[in-house]
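1. Please work out how this folds:
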Amino acid sequence: MSDASPVRSAPAGEEPVVVAVDGSAGSDHALEWALSAARLRNAPLRVVHVRQYAMPLADGPYMPAIDHRTDADPVADRVRGALEGRPDLPPLTVEVVEGTPGRDIPRLGDGARLLVLGSRGRGGFTSLLLGSNGLAAARDALCPVVVVRPDEEPAAQAPPRVVLGLDALSPHETTIGFAFAEAELRGAALRVVCAYPGPVLVYTATGDFVTSAEADAASAARYTELAGEQLAPFQQRHPQVRVERDVLPGDAAGLLVEASRAADLVVVGRHKHRKALGRLMGSVTNAVLLHAKGAVAVVPPDPR
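-> So this is what the prediction gives:
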């Protein structure tokens, strides 16, 4: 069931940017991010509140059926009121969908260009950086998912920058392509962070482990070469995007979290696993979602 009430009607057939709202401060921030994303893409915006099914207090033949279709929805009404009359709106709709947020929010990404949501909803603990709905959407949605953390964006005077986490040994072309396209849309520099294991330790004849500058340099050179090969086709397609390439030793998640402090958006990929194992994001993507500042985009693998 859904109740759609357009503020400015979105044309049918176009892939929209979709944002999930729940009335929380985090979803307000995600709505503003999604409005900007829709403008950048000249795309319609679909604003959706997934309203939890009402649970009956008792079972039995005399329990009245509750029909929410005629109910006012304060979350949707609040969004409509906040957007009404704004001059910079893309074509958009505001909808209420009955369902279970953890199951139905990821499904909002079917046929969407982008699915946007806040890092915490109304039910989240303030000590948690990402709620269960955000994790479910990032893990299961068919389109790229952007999780927006409120009040953690770079200073307005800072030049725009997109950060890409590049796995040199197992690159995702869809993730790289998304990052280049996003940097081009924003007129932003693209900082590519590629981590390699290091510092390299070697075992000496005396039984000690010591760092090996030679082995470390060889590892850095190998990863630098791989990164260059993987990025070259995308740099040719997006010659106006300025690329800053950092091949660094250490933990990829830690490097990306640190880079997020000066980024408008961090882009990471989602691993593709066999169906028997379920859909998993991988430890780096999961850690970045939990700890990065600002907005994080999780890009699913190419279905092919």
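2. can you list contacts of the biggest helix by length in the chain?
-> Ordering each helix of the chain by length in residues (DSSP state H) puts helix 213-237 first. Helix 213-237 has contacts (C-beta atoms under 8 Å, 6 or more residues apart in numbering) with 166, 168-169, 171, 176-177, 180, 192, 194, 196-200, 202, 241, 243, 245, 247, 249. The way it works is simple: take the backbone N, C-alpha and C, and place the C-beta from them, glycine included.
3. How about stretch 162-177?
-> 179, 182-183, 186, 188-194, 196, 223, 226-227, 230-231, 234, 247, 252, 256, 259-260, 263-269, 284-285, 288, 299-302.
4. Which positions within it qualify as buried?
-> Within stretch 162-177, the residues that count as buried by 16 or more other C-beta atoms under 10 Å are 162-168, 171-172, 174-177.
5. domain assignment for the chain?
-> 2-148, 161-299 (automatic domain parsing).
6. Format the ones you listed as JSON lines; extra columns: mean pLDDT.
-> Formatted as JSON lines, the domains of the chain follow (pLDDT from 0 to 100):
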{"stretch": "domain 2-148", "mean pLDDT": "79"}
{"stretch": "domain 161-299", "mean pLDDT": "86"}
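7. residues in contact with residue 187?
-> Residue 187 sits next to residue 160 when contact means C-beta under 8 Å, 6+ apart.
8. again with residue 284
-> So residue 284 contacts 165, 167, 252-253, 256, 268 (C-beta under 8 Å, 6+ apart).
9. 6 Å instead, please
-> 252-253 (C-beta atoms under 6 Å, 6 or more residues apart in numbering).
10. Give the next helix or strand downstream of the helix or strand where residue 79 lies.
-> According to DSSP states H and E, residue 79 maps onto helix 74-83. Moving toward the C-terminus from helix 74-83, the next helix or strand (DSSP H and E) is strand 92-99.
11. Quick check: buried residues in the following helix or strand past that next one?
-> As assigned by DSSP H and E, the chain's next helix or strand after strand 92-99 is helix 101-107. When burial is assessed from 16+ other C-beta under 10 Å, helix 101-107 yields the following buried residues: 101-102, 104-107.
12. Likewise for stretch 93-101?
-> By neighbour count on 16+ other C-beta under 10 Å, the buried set for stretch 93-101 is 93-99, 101.
13. which residues in the protein form strands?
-> 2-8, 17-20, 45-52, 92-99, 114-118, 145-148, 161-165, 189-196, 201-203, 209-211, 243-249, 265-269, 295-299 (DSSP state E).
14. name the helices or strands packed onto the last one?
-> Read it as strand 295-299. Applying 3 or more C-beta pairs under 6 Å, 6 or more residues apart in numbering; DSSP states H and E, we find strand 295-299 packed against strand 145-148, helix 173-186, strand 265-269.
15. Dump those into TSV; add distance to residue 119 as well.
-> As requested, the helices and strands packed on strand 295-299 are arranged in TSV below (distance: least, C-beta to C-beta, whole Å):
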stretch	distance to residue 119
strand 145-148	5
helix 173-186	19
strand 265-269	13
